[in-house]
Structure formats: structure tokens, C-alpha cells
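Undergrad: Mind folding the following:
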Amino acid sequence: MIRIFTDNTQDKIEVTDALEKLIKSVAEGVLEFEEIDEKCEVNVMFADNEQIREINREQRSIDRATDVLSFPFLDAKNGDITVSDEDFYEGYLSLGDIVISLERAKEQAEEYGHSFEREAGFLTCHSMLHLLGYDHIDEADRAIMRKKEEEILKKLKLTRDE
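TA: Numbering: from 1, shown residues only. All right, here's what the predicted structure looks like:
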């Protein structure tokens, strides 16, 4: 089970109930795939390109827009999570923050020729895996992460054809 707190700070793309439901179902799908049984919570911020660029500049010293940012709260490496009592709030394991540029998601969906929903689902899946300690800095880790993303999205019926 996952609890998602959303904050829509942009006005370029409508945040519908269906989009919020999609984000939650993908986050739950990642936790199920990774066999995480704890009740978890995640904060999701919907931004536009300029807002995510500012966050990227402030937090990572990279002065450019990106599609998604992940800020893990836990000590984790490739799904192996170290948890203490302080990591829980109201009985929920706090995984971290996700910032999604809905503007960039729409642009990439058009660029890649698939639905906005598939792109938003992919970005959520990608970011959730980061919160669980997966990364793509080197090629071996990138291959592991990409394989997991594709398997999770296929299970959720969010393939590139969608």
C-alpha cells in the first residue's frame, strides 16, 4: 500500500484524477515488483520545465530542465533498503520526493510517439526505482534499471505502444 501526497505547482498541463490514479498505480506496481510489503509514502510534485530547471540548478548544480528528479530519504542500494524507526511517519515508510515536469513528459510522449500516460507512468516508475536505490550511472546499473522499468511497465500494460 502506498500513500501519495501530490503538489501541483504548474499550470501548463491539467492534473486530472486519472493522472493521479496512474501515478499511484505505477508506484504501487514498483513496490509490488520489488516485494516491498511496508506501507509507504511518497511526495510527488508536478512542475513545468522552468520550475524543474530551477530545482535541478539548486539541488544538483545542473542548470537545465529535466523530465524527473528523485530525492530518496532512505539509505538504499539496488532495492536493498536500510530502515530505522525514524524512517516511518504515521506508520508509513517515507521513501522520498519525486518531481515530474508534466511539460517535459508531454514533449517526450510526442517525441517518442506514445501516450502522455505511458510517459508519465515511465517517469514515475523510473523515479520510484531511484527512491529504492537503483541508478544508471554505469552501464551495468543502467541495464538492471532499464530491465526492471520495462518489466514493471509491461505488467501494468504501459508499453511503448500505449
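
Undergrad: Run a quick neighbour tally on residue 143.
TA: Under the neighbour criterion other Cβ atoms under 10 Å, residue 143 is assigned a count of 11. In this view, the C-beta of every residue, glycine as well, is placed from N, C-alpha and C.

Undergrad: Could you do residue 40 as well?
TA: Taking other Cβ under 10 Å as the neighbour definition, residue 40 ends up with a count of 24.

Undergrad: quick one: contacts for it?
TA: Contact partners of residue 40, counting by Cβ atoms under 8 Å, 6 or more residues apart in numbering, are 1-3, 31, 92-95.

Undergrad: now the spatially most distant residue from the centre of the chain: how far from residue 34?
TA: For the chain, the C-alpha lying farthest from the average C-alpha position belongs to residue 85; by Cα atoms, centre = their mean, that distance is 24.0 Å. Remark: distance between residue 85 and residue 34 (Cβ to Cβ, to the nearest Å) = 21 Å.

Undergrad: List the pairing partners of the helix or strand bottoming out on mean pLDDT in the chain within its sheet, with orientation.
TA: Across the helices and strands of the chain, mean pLDDT, DSSP states H and E gives its lowest value to strand 80-82, namely a mean of 88. Strand 80-82 has the following strand partners under DSSP bridges: strand 75-77 (antiparallel).

Undergrad: top strand in this structure by residue count?
TA: In the chain, with assignment by DSSP state E, the single longest strand is strand 92-101.

Undergrad: In terms of secondary structure, what does that strand contact?
TA: On a contact count with 3 or more Cβ pairs under 8 Å, 6 or more residues apart in numbering; DSSP states H and E, strand 92-101 meets strand 40-47, helix 49-60, strand 68-72, helix 116-131.

Undergrad: Can you give the distance from the longest one to the centre of its chain?
TA: A distance of 4 Å separates the centroid of the chain from that of helix 116-131, by Cα atoms, centre = their mean, to the nearest Å.

Undergrad: between it and strand 92-101, how many degrees?
TA: Direction vectors for helix 116-131 and strand 92-101, defined by axes from the mean of the first three to the mean of the last three Cα atoms, to 10 degrees, enclose an angle of 130 degrees.

Undergrad: can you pull the alpha-carbon coordinates of helix 116-131 into PDB?
TA: Below are the C-alpha coordinates for helix 116-131, written out as PDB (Å, rounded to 0.1, in the frame of the first residue of the first chain):
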ATOM      1  CA  PHE A 116       1.300  11.000 -22.300                       C
ATOM      2  CA  GLU A 117       0.000   8.400 -19.800                       C
ATOM      3  CA  ARG A 118       2.800   6.000 -20.800                       C
ATOM      4  CA  GLU A 119       5.400   8.700 -20.400                       C
ATOM      5  CA  ALA A 120       4.100   9.900 -17.000                       C
ATOM      6  CA  GLY A 121       4.000   6.200 -15.900                       C
ATOM      7  CA  PHE A 122       7.600   5.600 -17.100                       C
ATOM      8  CA  LEU A 123       8.800   8.700 -15.300                       C
ATOM      9  CA  THR A 124       7.100   7.600 -12.100                       C
ATOM     10  CA  CYS A 125       8.500   4.100 -12.400                       C
ATOM     11  CA  HIS A 126      12.000   5.400 -13.100                       C
ATOM     12  CA  SER A 127      11.800   7.800 -10.100                       C
ATOM     13  CA  MET A 128      10.400   5.100  -7.800                       C
ATOM     14  CA  LEU A 129      13.300   2.900  -8.600                       C
ATOM     15  CA  HIS A 130      15.700   5.700  -7.800                       C
ATOM     16  CA  LEU A 131      14.000   6.100  -4.400                       C
END
